[in-house]
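A.B. asks: Sequence first, predicted coordinates after that:
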Amino acid sequence: EAGVTQFPSHSVIEKGQTVTLRCDPISGHDNLYWYRRVMGKEIKFLLHFVKESKQDESGMPNNRFLAERTGGTYSTLKVQPAELEDSGVYFCASSQTRLAGTYQETQYFGPGTRLLVL
Amino acid sequence: DAKTTQPPSMDCAEGRAANLPCNHSTISGNEYVYWYRQIHSQGPQYIIHGLKNNETNEMASLIITEDRKSSTLILPHATLRDTAVYYCIVRPYYSGNTPLVFGKGTRLSVIA
């Protein structure tokens, strides 16, 4: 079974440009999360999709970030316009919906996209 | 913010057991302890989780103190491939599908 995949693996852009990151979750996983680690900081949550709906977007830093998950399959995260402080590693994770009576949720992470804004 | 405290770094000789401590003194009765790790250039990887009993799987063992204020992740025979940053995360057991809150973790270096 294929794991979570992310594209591109690396992206170098100039300040003010637009970049779109893509995440393909594990097939059948309704939950999709975006996280990021900026230089020297901890991994931080950005947002959570359940199928095509945004369940929680409390971690989105500002309105320059737009996430979509049309059709409830893959997701894109667009940064427009990119700023220097957006540089970092963007991770995507997916998981199955918790079954009634169970509490454990394992999130499976992709390898990340390394974004460098110059 | 993360509710756990971990040493920033540890070394372990290859083939020996790696014991990674985690302090979670404010843990609530309804919170699990999860462990993830991030190997360089990869995404975080789930290792194990527990509520109050000790747990073991093919990757590691988790020992939780009786008062649940701390735990230890044990890698019984560390290999060079276990070199990674290890994260101890506390999550409510009823939360189901919610974000993970990462702290700074412990950077484990396994030395040949």
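C.D. replies: Noted; the coordinates are in hand. Numbering: from 1, shown residues only, chains lettered A, B, ... in the order given.
A.B. asks: Please identify the buried residues of stretch B:57-65?
C.D. replies: B:60-64 (16 or more other C-beta atoms under 10 Å in any protein chain shown). For glycine as for every other residue, the C-beta is placed from the backbone atoms N, C-alpha and C.
A.B. asks: What of stretch B:86-98?
C.D. replies: Here stretch B:86-98 shows B:86-91, B:96-98 as buried, counting by 16+ other C-beta under 10 Å.
A.B. asks: sorry, back to before: what would the buried residues of stretch B:57-65 look like in TSV with distance to chain A, secondary structure and pLDDT?
C.D. replies: Listed next are the buried residues of stretch B:57-65 as TSV, based on distance: C-beta to the nearest C-beta, whole Å; DSSP: H, G, I helix; E, B strand; the rest coil; pLDDT from 0 to 100:
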residue	distance to chain A	secondary structure	pLDDT
B:A60	14	coil	97
B:S61	17	strand	97
B:L62	13	strand	97
B:I63	19	strand	97
B:I64	15	strand	96
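A.B. asks: Verify the contact between A:R22 and A:S11 for me.
C.D. replies: No - if you go by C-beta atoms under 8 Å, A:R22 and A:S11 don't touch, sitting 10.9 Å apart.
A.B. asks: Quick one: end-to-end length of stretch A:66-74, please.
C.D. replies: 14 Å (C-alpha to C-alpha, to the nearest Å).
A.B. asks: Run through who's touching it.
C.D. replies: Applying C-beta atoms under 8 Å, 6 or more residues apart in numbering or on different chains, the contact partners of stretch A:66-74 are A:22-25, A:30, A:32, A:34, A:46-47, A:49, A:51-52, A:54, A:57, A:60, A:75-78, A:80.
A.B. asks: List the buried residues for that stretch?
C.D. replies: A:67, A:69, A:74.
A.B. asks: Would you pull up how far stretch A:86-103 lies from the middle of the chain?
C.D. replies: 9 Å (C-alpha atoms, centre = their mean, to the nearest Å).
A.B. asks: if we can go back for a sec, filter the contacts of stretch A:66-74 down to the ones in helices?
C.D. replies: Assignment to helices by DSSP state H places none of the contacts of stretch A:66-74 there.
A.B. asks: ok, what's across the strand from the most centrally placed residue in chain A?
C.D. replies: Residue closest to the mean C-alpha point of chain A, counted by C-alpha atoms, centre = their mean, is A:W34 at 2.6 Å. Counting by DSSP bridges, A:W34 is bridged to A:L47, A:C92.
A.B. asks: what about the residue lying closest to B:H49 once chain neighbours are set aside, helix or strand, and which?
C.D. replies: Leaving aside its sequence neighbours, B:H49 sits nearest to B:Y34 (C-beta to C-beta, 6 or more residues apart in numbering or on different chains; 4.3 Å). Using DSSP states H and E, B:Y34 falls within strand B:31-38.
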